[in-house]
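Colleague: here's a sequence, model it:
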Amino acid sequence: MSSHPWHPIAASHDLPFRHVFHGQLLGREFAIWRADDGYINIWENRCLHRGVRLSIGVSDGRELKCQYHGWRYSNRTAGCTYIPAHPADAPARTITNRTFPAAERYGLVWSSLEPETPAPRIAALEAENLLVLRGMPLNAPVELALAHLASYRFQPNDAIDGDEAVVSIEAAEGFSIALRARSGSEATLAVFFVQPVDSSRSVIRGVLDRNAEGMLRIAILRHHNERLSALRDRVEREAAMVPAAPPIVPVYESVAPELVEMPSLSASGRRASITVQVARKWMTANDIAGFELRPLRGHLPTFQPGAHIDVHLPNGQIRQYSITNAPGESGTYTIGVKRERDSKGGSSCLHDTVREGDLLAISEPRNNFPLRRDAVKTLFIAGGIGITPLIAMAQALGPMGLAHELHYFAQNQAQLAFPERLATLGNALVPHLGLTPEATAAKLADLLATYQPDVHVYICGPAPMLEAARSIASERGWPDTAVHFEYFKNTRTIDDSSSFEIALARSAVTLRVPAGSTILEVMRGNGIDMPSSCEQGACGTCIATVLEGEPDHQDVYLNDAEKRSGTKIMTCVSRARSARLVLDL
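Modeller: Numbers count the residues shown, from 1 in each chain. Below is the predicted model of the structure:
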């Protein structure tokens with residue numbers, strides 16, 4: 001034992017699933033919760049929106065929701081996953097709470113304000129059969145508590161009814177002290193740690209080197225609770241006789257107001273900032289391979305349902321794949337890749353070349369297909385591999401108790417991808433197998449027959465299916481704002497024969513876009529970085545605001561109303577009908 005920067009701040013039994021524990025250390029407050037995957041989250045105890053304590057929040061096992069305005073934060077990363085005031089937007093990755101390291105050892109949960117140091121190991125407590133005592137809070141400083149613990153007297157476990165034990169100090173250093181009680185041939189080691197809550201508050205946490213069963217265990221716990229309570233009373237009486245030290249003032253890292261709103265995506269181009277390892281590769285359905293991607297170190301960035309990543313392949317190509325994870329599953333990313341018959345090297349490379357253990361470069365998640373969580377009911381319509389973003393969405397709504405249905409169109413049972421995830425959806429999953437194009441259109445007409453207020457539909461699948469569903473929805477009175485879609489790719493023929501001028505209002509730059517070049521290419525060629533992903537007008541990453549001029553829309557990302565408004569343009573494929581476009585860049 002030593003004066004170590006790590007301290008126990010809770011007992012393992014303080015963290016049952018779906019419970020949020022209020023922890024404290026050196027003037028700081030923490031929201032501590034165990035996710036359903038067993039990961040222990042230790043976060044600064046404040047919502048980034050209005051500073052409300054997250055320790056009074058609600059955990060669903062994968063996300064923690066603030067009780068004030070409903071902001072939700074992800075397991076492991078503490079990144080914001082949903083803001084009710086912006087239901088149609090994916091929160092920026094910069095909206096992330098401060099996290100602290102966690103280690104669970106000896107029946108205690110440890111943390112440190114110095115994360116670069118390793119958590120302690122205590123040889124005397126490496127046995128598995130330990131008994132953790134109830135934490136004893138004191139209104140007294142650590143030094144005084146340690147001084148009184150040196151004279152703490154207790155009985156060995158197997159002589160608990162006696163009163164003649166001899167207690168000796170085996171070790172005492174820093175914030176801990178080890179005492180051994182002997183009575184005849186019986187002996188028990190008790191290690192006590194004093195958690196510094198504040199300058200004048202602390203918690204005694206004790207661990208015995210042997211557990212017990214039944215009534216003996218209860219008797220041991222009662223024995224120490226009574227004696228530690230008496231010790232607490234003595235310590236607090238002595239502490240009250242001297243002036244209290246000023247409280248420790250915690251240092252909170254400020255969060256800039258623009259980061260707590262909805263800032264635009266930072267410029268990142270098509271950079272691959274993350275290296276991952278293929279931890280698992282398997283066939284999740286006929287011609288569909290699943291890939292589990294694990295970070296080489298630390299955590300993966302926060303994602304929201306509907307997000308995708310760019311995967312930079314060994315053959316130099318870049319492809320986009322949706323993250324299928326449920327909320328809070330941020331230890332790895334899981335993607336599904338369908339082998340395309342007319343593959344240009346993307347799917348065939350992943351199927352035939354990439355193996356378990358290989359390293360891949362990926363981008364941070366981008367979400368231009370975000371899920372609203374305020375609908376009265378949500379319909380998901382998936383065709384083939386289009387299931388990947390929608391299964392992530394359905395896994396988000398289920399635990400929240402929000403009404404939804406997932407209609408999955410495929411040729412047969414063997415082509416239903418990720419059956420282990422589908423099984424968690426219960427009756428919300430409705431497969432439609434082996435339908436002809438005509439039967440598929442009829443089923444879509446049935447699903448979209450009548451629009452009801454506050455019902456939203458999300459569609460992802462082959463282009464003909466999306467076009468049919470969007471057309472039917474429009475005919476049946478569904479507003480564009482209630483119909484959300486994502487294409488695999490832009491199959492439309494791009495006409496790049498025009499030439500026009502672009503003026504970048506915020507950059508005070510005017511550029512010429514010649515025939516055969518895109519707006520995106522011209523901007524990058526002139527040193528103006530612009531985020532992008534698919535670069536074929538399907539994902540929405542390179543969107544820009546149009547201030548003046550008439551766009552020539554050639555993308556499949558914007559809906560009809562957005563195209564008619566003329567206020568947005570996809571810089572990777574769309575062009576200008578007018579001689580000049582003024583962009584808010």
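Colleague: and residue 121, what pLDDT?
Modeller: Looking at residue 121, its pLDDT stands at 88.
Colleague: give me the nearest residue to it, chain neighbours excluded.
Modeller: Nearest in space to residue 121, with sequence neighbours left out and distances taken as C-beta to C-beta, 6 or more residues apart in numbering, is residue 105 at 7.7 Å. C-beta coordinates here come from the backbone N, C-alpha and C atoms, glycine included.
Colleague: dihedrals phi and psi, the one you found?
Modeller: Here is the backbone geometry of residue 105 (degrees, to the nearest 10): phi -140, psi 140.
Colleague: so what's it bridging to?
Modeller: Legend: beta-bridge partners of residue 105 under DSSP bridges are residue 108.
Colleague: after the worst-scoring helix or strand of the chain on mean pLDDT, which helix or strand is next? Please name it.
Modeller: For the chain, counting by mean pLDDT, DSSP states H and E, helix 257-260 ranks last in confidence among helices and strands (a mean of 40). Proceeding N to C from helix 257-260, the next assigned helix or strand is strand 274-285, under DSSP states H and E.
Colleague: for the residue lying closest to residue 163 once chain neighbours are set aside, helix, strand, or coil?
Modeller: Leaving out its chain neighbours, the residue that sits closest to residue 163 by C-beta to C-beta, 6+ apart is residue 155, at 7.0 Å. Secondary structure assignment for residue 155 (DSSP: H, G, I helix; E, B strand; the rest coil): coil.
Colleague: count the residues that sit near residue 502.
Modeller: Residue 502: 24 surrounding residues under other C-beta atoms under 10 Å.
Colleague: buried sites along the strand or helix carrying it?
Modeller: Taking DSSP H and E as the definition, residue 502 sits inside strand 500-504. The neighbour-count check on strand 500-504 (16 or more other C-beta atoms under 10 Å) flags 500, 502-504 as buried.
Colleague: tell me what it is packed against?
Modeller: strand 509-513, helix 519-525, strand 575-576, strand 580-583 (3 or more C-beta pairs under 8 Å, 6 or more residues apart in numbering; DSSP states H and E).
Colleague: just to revisit the earlier point, quick one: contacts for the residue nearest to residue 121?
Modeller: Residue 105 makes contacts with 119-122, 125, as judged by C-beta atoms under 8 Å, 6 or more residues apart in numbering.
Colleague: now, of the residues you listed, which are buried?
Modeller: 120, 122, 125.
Colleague: taking those one by one, which sit in helices?
Modeller: Per DSSP state H, helices hold no members of those.
Colleague: gap between residue 245 and residue 113?
Modeller: Note on residue 245: its distance to residue 113, by C-beta to C-beta, to the nearest Å, is 19 Å.
Colleague: more neighbours: which of those two?
Modeller: residue 113 (16 against 10).
Colleague: distance to residue 525 added to the buried ones among the contacts of residue 105, as JSON lines?
Modeller: What follows is those, written out as JSON lines (distance: C-beta to C-beta, whole Å):
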{"residue": "120", "distance to residue 525": "55"}
{"residue": "122", "distance to residue 525": "61"}
{"residue": "125", "distance to residue 525": "63"}
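Colleague: what's the closest of these to residue 310?
Modeller: residue 120 (40.9 Å; C-beta to C-beta).
Colleague: hmm, residue 6 and that closest one touching each other?
Modeller: Yes. Residue 120 lies in contact with residue 6 (C-beta atoms under 8 Å); the separation is 5.5 Å.
Colleague: what do these two both touch?
Modeller: Common neighbours of residue 120 and residue 6, using C-beta under 8 Å, 6+ apart, are residue 110.
Colleague: show me where the stretch 351-500 of the chain has its strands.
Modeller: 359-362, 377-383, 404-410, 429-433, 455-461, 483-487, 500-504 (DSSP state E, counting those that start in this stretch).
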